[in-house]
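> Sequence and predicted model, in that order:
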Amino acid sequence: MSGSNFVDYVKIFCRSGKGGAGSKHLYRDKLTQKGGPDGGDGGRGGHIILRGNKNHWTLIHLKYARHIHAGDGEGGSLSRSFGKEGEDKIIDVPCGTVVYDAETGDFLCDITNDGEEVVLIKGGRGGQGNWHFRTATNQTPRFAQPGESSIEKTVILQLKVLADVGLVGFPNAGKSTLLSVVSAAKPEIADYPFTTLVPNLGIVSYRDGKSFVMADIPGIIEGASEGKGLGLRFLRHIERNSILLFMIPVDSENIKKEFDILLNELQIYNPELTTKQRILAITKSDMLDNELIEEVKKELPENVQTVFISSVSGLGITELKDLIWEEINKESNKIIEISHSPMQLSEPEINPDDDYDDDETEDFPYEEEDDDDDISKYRGIGWDDL
């Protein structure tokens, strides 16, 4: 997947449809002069709906379509005819999309299954026609409810890819090489740090036609939580993974120290990540013989399942697949529900050197509200009974 085509964050402006106004029509024909009220109800406004689509892998289709409006409902008419409902606007998103309020950062919803639909913003209800307001003392009401106003909201869509195992490691730890060996994925591989700039997914074939999904994210370094390197921007892509595969080269100065650094960065980003099942893969092990491997085992972290592998020679690859398959099928490692913390929204910095007068205000043209759009006088009737 091309890096320029991988979009996992978009901000879009959504507006639902306005409800149609109820009709004030009074029945008349050549034989009836005072037939009474027969105004119909207005149609509801269109909803903004999110729908999971397994054929989408990124949010690139929303990158240049950031204003999404649903249709308005039509007004009611004579003979108690209902107005046409506004057209719903359906937004197809990849499975694993999480939605936040762009103003407050609050979590709104997430889409995890193909075909799953969530009403993000409801359309305004249609106003009731004057037929609903006839009484014994007011048999010809000449008023009707206006439709409810539309709702506007700016939301942030974030993609958190769905995978069974996530690869965690420093740059040049061999993550992309492993993914290219065990799957058909073709990530960029080079001998310099931060070759991987976007997450890559690969489907790993297992025995008897079985398979699992592996996610490779850009390498993290010490201090990533403070913004060093690529920061922790892509760590959200392993929040939904069942297990984490830590990858550390065998020629590292201190394997245990590097493992602790990676674990600490995950702890700072999201403490829930440290509760996932962990497997440690010691990469580039084709450089060692059996005697040196036994020496390295003495310096490994405790209480972590460890496998010595080499993506070039194939050493330990089968054993690693077996271990991953065993762990992802344990009930204790299956993700039932994931909690999403509110998004931290950065506030614009104010330069103290800039002149700013609190009393300065911009003049905006004032428009009087139309009395027909004032629905406060209808409180207690109609909608409140529904």
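Nice, I can see it. Numbers count the residues shown, from 1 in each chain.
> List the contacts of the residue nearest to the spatial centre of the chain.
The centroid of the chain falls nearest to Val98 when counting by CA atoms, centre = their mean (1.9 Å). Listed by CB atoms under 8 Å, 6 or more residues apart in numbering, the contact set of Val98 reads Phe107, Cys109, Asp110, Leu157, Gln158, Leu159, Lys160, His340. Where you see a C-beta, it was placed from the backbone N, CA and C, and this is true even at glycine.
> just checking, what packs against the helix or strand of the chain with the lowest mean pLDDT?
Ranked by mean pLDDT, DSSP states H and E, the weakest helix or strand in the chain is helix 290-297, scoring a mean of 86. Contacts defined by 3 or more CB pairs under 8 Å, 6 or more residues apart in numbering; DSSP states H and E place helix 290-297 against strand 305-308.
> Same question for the strand it packs on: list its buried residues.
Neighbour-count burial for strand 305-308 flags Thr306, Val307, Phe308 (criterion: 16 or more other CB atoms under 10 Å).
> can you check stretch 109-119 too?
Neighbour count says stretch 109-119 has Asp110, Ile111, Thr112, Val118 buried, by 16+ other CB under 10 Å.
> Would you mind putting the CA coordinates of that stretch into PDB?
This file holds the C-alpha atoms of stretch 109-119, laid out as PDB (Å, rounded to 0.1, in the frame of the first residue of the first chain):
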ATOM      1  CA  CYS A 109     -18.700   5.500  18.300                       C
ATOM      2  CA  ASP A 110     -16.700   2.900  16.500                       C
ATOM      3  CA  ILE A 111     -17.300   0.600  13.500                       C
ATOM      4  CA  THR A 112     -15.800  -2.900  13.800                       C
ATOM      5  CA  ASN A 113     -18.000  -5.100  11.600                       C
ATOM      6  CA  ASP A 114     -18.700  -5.200   7.800                       C
ATOM      7  CA  GLY A 115     -22.200  -3.800   7.200                       C
ATOM      8  CA  GLU A 116     -22.500  -2.400  10.700                       C
ATOM      9  CA  GLU A 117     -24.400   0.900  10.600                       C
ATOM     10  CA  VAL A 118     -24.400   3.700  13.200                       C
ATOM     11  CA  VAL A 119     -26.500   6.900  13.000                       C
END
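> Residues contacting it, please?
Taking CB under 8 Å, 6+ apart as the rule, stretch 109-119 contacts 47-54, 90, 93, 95-99, 120, 162, 340.
> Now that stretch: average pLDDT?
Mean per-residue pLDDT for stretch 109-119: 94.
> Off-centre distance for the lengthiest helix in the chain?
In the chain, with assignment by DSSP state H, the single longest helix is helix 255-269. With CA atoms, centre = their mean, to the nearest Å as the basis, helix 255-269 stands 26 Å off its chain's centre.
> Mind listing residues that contact it?
Residues outside helix 255-269 that contact it (CB under 8 Å, 6+ apart): 168-170, 220, 222, 224-225, 232, 235, 244, 246, 248, 252, 273-274, 280, 282, 296, 299-301, 304.
> before we move on, back to that, how about the buried residues of stretch 109-119, which pair is most distant?
Thr112 and Val118 (10.4 Å; CB to CB).
> need the contact list for the closest residue to Gly202 other than its chain neighbours.
Spatial nearest neighbour of Gly202, excluding adjacent residues (CB to CB, 6 or more residues apart in numbering): Ser183 at 3.0 Å. Ser183 makes contact with Gly202, Ile203, Val204, Ser205, Met214, according to CB under 8 Å, 6+ apart.
> Out of these, the closest to Gly126 would be?
Nearest to Gly126 among the contacts of Ser183: Ile203, at 47.8 Å, using CB to CB.
> and that closest one, how many residues sit next to it?
Neighbourhood size, Ile203 [other CB atoms under 10 Å]: 15.
> who's it bridged to?
Note on Ile203: beta-bridge partners by DSSP bridges are Val213.
> Next one: it from Val165, what distance?
Distance, Ile203 to Val165, using CB to CB, to the nearest Å: 12 Å.
> what do you get for Asp92?
Asp92 is 27 Å from Val165, where distance means CB to CB.
> sorry, back to before: anything in contact with each of Ile203 and Val165?
The contact sets of Ile203 and Val165 overlap at Phe212, Val213, Met214 (CB under 8 Å, 6+ apart).
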